[in-house]
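[1] Structure for the following, please:
(one chain, ligands or ions: 1)
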Amino acid sequence: MANNKIKYSIPSYEITDISTFKNRRNIIKAAFASGLLGSGIRLHADDNKPKWSGLSKSHLSIDTPNTPKEIIENYTNYYEFSFNKNDSTVLSQRLTVDPWTIEISGEVEKPGKFNLEDLLRQNTLEERIYRFRCVEAWSMVVPWVGFSLGDLLKKVQPLSTAQFVKFTSIYQPEIMPNQKSNSMLQWPYEEALRIDEAMHPLTLLAVGMYGDTLPKQNGAPLRLIVPWKYGFKNIKAIVKIELLKRAPNTSWNLFAPDEYGFYANVNPDLPHPRWSQNTERLLGGGFFTPRRKTELFNGYAEHVAYLYKDMDLRHFF
Ligand code: MTE
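    Model (predicted):
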């Protein structure tokens, strides 16, 4: 892992000087407030102070303007609540996220149940600005707050038999309408990584964004962020982490194995049956903003390509 900032070839139209950027954000905010950007998108009216200020910015951050917070928190995929991108903003507020317990079990020396508050005290929180790329061909740049999954796993001491790490989201059909009535996905939502992917320094357990706790619709209080993989791997509201000998089933892979592979590494040359993966729409740009060229491993190739050196990437979705 190189010790300096991750560098990207950012096309000039994406580089915005900070005053223009702030001004553009104000314009966007005003547009939201006046309903100009319409389509049901709502402002998050929370004027409380951010929970974490002055966090150190990780050298793993990219150097490019963040997607406005109002867009990140009002354009979400949270299928337990809704299939509409802006409904979860309201519906997810019913979820109680404090206190929160995470169970870690399976092939580890020290399994246990951990309070999130304790984990926050024991792990080093930092800000990590990452690209986020959905398989639906939109993307954003998010200043996450979180800590390394690998650091947490080291504390429970994985056994040499631990080959995969499985994550499970909360199951609460009484407040999550689609867990009760929609069986498209098998609930609870489950995802998994290979152990070396899970231990990779880029792999983050996010507890916040923009210096504050995670909005509920974005996966509060704790979600996975694996920036070189498609968005659906980035499971929200995690309650269980299991270290396993064999690859488990995962929700999307069970639903449509040809469309949602286990690896799901961002790859512009491997089209999804419904969306070409060649380019992406960077959220927050105007109607005339050109689409961004998608990069192999979402731009993180120099850091993660070695994990897949024996795989033919043309066939591994
Ligand atoms: N996690 C849970 N529990 N439920 C979900 O529906 N959606 C996934 C992923 N994690 C999802 C989830 C998908 S498809 C995407 S693209 C990202 O979350 C979206 O994250 P965002 O809503 O914060 O942008």
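[2] Mind listing what's buried along stretch 306-314?
    For stretch 306-314, the neighbour count (16 or more other CB atoms under 10 Å) marks 307-308, 313 as buried. C-beta: built from backbone N, CA, C; applies to glycine.
[3] Show the contacting residues for the nearest residue to Tyr308 once chain neighbours are set aside.
    Nearest residue to Tyr308 in three dimensions, chain neighbours excluded: Asn265, at 6.9 Å (CB to CB, 6 or more residues apart in numbering). Residues counted as contacts of Asn265 (CB atoms under 8 Å, 6 or more residues apart in numbering) are 228-230, 297, 304, 308, 313, 316.
[4] Buried among those residues? Make that a PyMOL selection.
    This is how PyMOL selects the buried members of those, with burial counted by 16+ other CB under 10 Å:
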select buried, resi 228+229+230+297+304+308+313
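[5] Where does confidence bottom out across the contacts of Asn265?
    For these, the weakest pLDDT value sits at Phe316, with 67.
[6] For the ligand, what's the nearest residue on this structure?
    Gly231 (2.6 Å; CB to the nearest ligand atom).
[7] give the contact list for that residue.
    Contacts for Gly231 (CB under 8 Å, 6+ apart) come out as 77, 132-136.
[8] can you narrow those residues to ones near the ligand?
    Filtering these for neighbours of the ligand using CB under 6 Å from any ligand atom leaves 77, 134.
[9] May I see the ChimeraX selection of the buried members of the contacts of Gly231?
    Burial among those is assessed by 16+ other CB under 10 Å; the matching ChimeraX selection reads:
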select :77,132,133,134,135,136
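[10] Out of the contacts of Gly231, which sit inside strands?
    Using DSSP state E, the subset of these located in strands is 132-133.
[11] How many residues are close by Gly106?
    Using other CB atoms under 10 Å, Gly106 has 20 other residues around it.
[12] Let me see the contact set for it.
    Residues in contact with Gly106 (CB under 8 Å, 6+ apart) are 162, 166, 242-244.
[13] Which two among these are spaced furthest apart?
    Comparing all pairs in those by CB to CB, the longest separation belongs to Ala162 and Lys166, at 10.7 Å.
[14] Now list whatever residues contact both of these two.
    Joint contacts of Ala162 and Lys166 (CB under 8 Å, 6+ apart) are 106, 243-244.
[15] Not counting residues beside it along the chain, what's closest to Gln126?
    Rather than Gln, residue 126 is Glu. According to CB to CB, 6+ apart, the nearest residue to Glu126 is Ser58 (4.6 Å).
[16] cool, and Leu185?
    In space, Leu185 comes closest to Ser251 once its chain neighbours are excluded; the distance is 4.8 Å by CB to CB, 6+ apart.
[17] That neighbour is in contact with Met184, isn't it?
    No: if you go by CB atoms under 8 Å, Ser251 and Met184 don't touch, sitting 9.6 Å apart.
[18] More neighbours: which of those two?
    For Ser251 versus Met184, neighbours defined as other CB under 10 Å are more numerous around Ser251 (21 against 11).
[19] now the stretch 1-150 of the chain, which segments are flagged as low pLDDT?
    Scanning the stretch 1-150 of the chain for pLDDT under 70 picks out 1-48.
[20] same thing but 50
    1-5, 7-45 (pLDDT under 50).
[21] Kindly report the same for the stretch 151-300 of the chain.
    The stretch 151-300 of the chain contains no residues with pLDDT under 50.
[22] Contact residues of it facing the ligand?
    Within reach of the ligand by CB under 6 Å from any ligand atom, the stretch 151-300 of the chain has these residues: 169, 189, 218-219, 231-232, 234-237.
[23] quick revisit: got phi/psi on the residue of the chain closest to the ligand?
    phi -50, psi -30 (degrees, to the nearest 10).
[24] returning to what we had before: would you write out the ChimeraX command that picks the buried residues out of the residues of the stretch 151-300 of the chain next to the ligand?
    This is the ChimeraX syntax for the buried subset of those, where burial follows 16+ other CB under 10 Å:
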select :169,189,218,219,231,232,234,235,236,237
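[25] Strands - which of the residues of the stretch 151-300 of the chain next to the ligand land there?
    Of these, the ones assigned to strands by DSSP E are Ser169.
[26] Among the residues of the stretch 151-300 of the chain next to the ligand, find me the one that's closest to Thr96.
    Ala237 (10.7 Å).
[27] My read is that that closest one contacts Ser169, right?
    Yes: counting by CB under 8 Å, Ala237 touches Ser169, with 5.0 Å between them.
[28] Now the common contact residues for these two.
    Common neighbours of Ala237 and Ser169, using CB under 8 Å, 6+ apart, do not exist here.
[29] hang on, the earlier thing: which one of the shared contacts of Ala162 and Lys166 is nearest to Val156?
    Proximity of those to Val156 (CB to CB) peaks at Leu243, which lies at 7.9 Å.
[30] Can you tell me which of the contacts of Asn265 is closest to Glu117?
    Set against Glu117, the nearest of the contacts of Asn265 by CB to CB is Lys229 (28.5 Å).
[31] Just give the closest residue to the closest one, not the sequence neighbours.
    Spatially, and ignoring its direct neighbours in sequence, Lys229 is nearest to Ala264 (4.9 Å; CB to CB, 6+ apart).
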